[in-house]
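>>> Sequence and predicted structure, then a few things I'm wondering about:
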Amino acid sequence: GPRADEILAKRKKFLNPAMFLYYKKHAMEGKMQYLYDENGRRYLDAFAGIVTVSVGHCHPTVVDAVVQQTRLLQHTTTIYLHHAIAEYAEALAQRMPGNLKVVYFVNSGSEANDMAMMMARLYTGSFDVIALRNAYHGMSPATMGLTAHSTWKYNVAQGFGVHHVLNPDPYRGPFGADGNLYANDLANLVESATPGRIAGFFHETIQGVGGAVELAPGYLAAAYDIVRKAGGLCIADEVQTGFGRTGSHFWGFQTQGVTPDIVTLAKGIGNGLPLAAVVTTPEIAAVMAQRLHFNTYGGNPMCSAAGHAVLKVLDSEQRQQHCASVGNHLLHRLRALQDKHALIGNVRGRGLMLGVELVTDRQAKTPAKAEAALLMEHLKDLGVLVGKGGLYSNVFRIKPPMCFSMQDADFLVDAMDHVMSKL
Ligand code: PMP
């Protein structure tokens, strides 16, 4: 295949300069939890195309399902009947708790959150929407308003009536791991900065781009109470935390014992095919029927086939349980690494959604941004790809395809130990 420098030159010339790059390497081929460059060198992929390749690169069951469907029929839109979207919607709805039974398929996480915002405003008749600081909900103008990182904010109108409250970050937040104290900030905001009635509240359960920040326990139950008393809908963004990745539960929100009114899904739902969804109750879904609503590609036969195959593989390969056991092993080993290296300020997360936060001073929690960038490059040289995130770009994000094995986990931690020892 073409060399990395040739691709880079074309990319510089023909692609928008906003696209940033982790490595100057050509990712030519993928097989389950591994990527291969143009020289056939193998890399352990601990970031899964940004938490998207859920069951594995080119997983044969998913590839077969998509190829078979693509040979038969690629696309018609929803103006004709097709079995793939109906059967898949049924299978997806069956995985949801409570009355979350109605699906609208779209193509990306941003689109899903856009639609959830619209539903909440239509359903409640209110306009104010609340999200957490350090949240990432998308890059469309409306969802960029929900996203709370300066990195991702353009100076364009992002829809007013969006407020941000303190995110319950047990490591950096002012109230440690006391979810109830953070919820007070939400109650204060509703009281002081809205008409008292709100449209909705968006949250991730583990903030992904924000650096694997798991919301303090008890937060969501308290927050949902406040939101519902103000007439608002609770919207769980499960774009990263869904499909068993947290190990203990199939959906992230279940780790805090709550049931949202709207759930948004993307990334891991389609193993890399452009697929996303908004799942809600029949009552809330009905507000969308005031007008015709249309989405050209949403849930098209190819993507529905992929999504349905992903669900089947998650079950047949018992991926949730696997995420729990490999994730626990990783946490255990990473905490031992933290005892050895002062650079590691915090190890956190659940299942195969983990964060390792690097600091130059444990007391002051000074972000080790330069060190994180350097170590990431060294890890790549050892054949290990991790993600990076957090407000200060100092958090390693470990979110591999869910087939990541115990041996892979050991290889990853040994590589981290090695590069940190040499720093
Ligand atoms: N929500 C979350 C939690 C995400 O991590 C992302 C993507 N990083 C999005 C929404 C937006 O998804 P997309 O890039 O598909 O628009």
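Cool, the structure landed.
>>> Touching stretch 166-182 from outside, list them.
Residues from elsewhere that reach stretch 166-182, judged by Cβ atoms under 8 Å, 6 or more residues apart in numbering: 132-135, 165, 183, 185-186, 207, 210, 213-222, 345-346, 348, 357, 365. (Each C-beta comes from the backbone N, C-alpha and C, glycine too.)
>>> Let's see which of those residues end up in helices.
Of the positions in these, 183, 185-186, 219-222 sit in helices, assigned by DSSP state H.
>>> Run a quick neighbour tally on the closest residue to the ligand within the chain.
Using Cβ to the nearest ligand atom, the closest approach of the chain to the ligand is made by residue 109 at 2.3 Å. The number of residues packed near residue 109 is 26, by other Cβ atoms under 10 Å.
>>> residues from the stretch 251-400 of the chain in reach of the ligand?
Contact residues, the stretch 251-400 of the chain versus the ligand (Cβ under 6 Å from any ligand atom): residue 266.
>>> Where does pLDDT dip in the stretch 251-400 of the chain?
Regions of the stretch 251-400 of the chain meeting the criterion pLDDT under 70 are absent.
>>> Just the helices from it, written as ranges.
Under the criterion DSSP state H, counting those that start in this stretch, the stretch 251-400 of the chain carries helices at the ranges 282-285, 301-316, 319-340, 369-381.
>>> In the protein, which residue is most central in space?
residue 240 (2.1 Å; Cα atoms, centre = their mean).
>>> Just to be sure, that one is in a helix?
No. Applying DSSP: H, G, I helix; E, B strand; the rest coil, one finds residue 240 to be coil, outside a helix.
>>> Just the CA trace of the longest strand anywhere in the chain, in PDB.
Ranked by residue count under DSSP state E, the longest strand found in the chain is strand 353-361. C-alpha atoms of strand 353-361 as PDB (Å, rounded to 0.1, in the frame of the first residue of the first chain):
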ATOM      1  CA  MET A 353     -13.600   2.100  29.700                       C
ATOM      2  CA  LEU A 354     -10.600   3.200  31.800                       C
ATOM      3  CA  GLY A 355      -8.500   6.300  32.300                       C
ATOM      4  CA  VAL A 356      -5.000   6.800  33.600                       C
ATOM      5  CA  GLU A 357      -4.400  10.500  34.500                       C
ATOM      6  CA  LEU A 358      -0.900  11.700  34.500                       C
ATOM      7  CA  VAL A 359       0.300  14.500  36.800                       C
ATOM      8  CA  THR A 360       3.800  16.000  37.500                       C
ATOM      9  CA  ASP A 361       2.800  16.700  41.100                       C
END
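>>> what residues does stretch 241-248 touch?
Here stretch 241-248 makes contact (Cβ under 8 Å, 6+ apart) with 51, 54, 204-206, 208, 250-255, 263, 265, 268-269, 310, 314, 319-321, 323-325, 327-328, 350-353, 399, 402.
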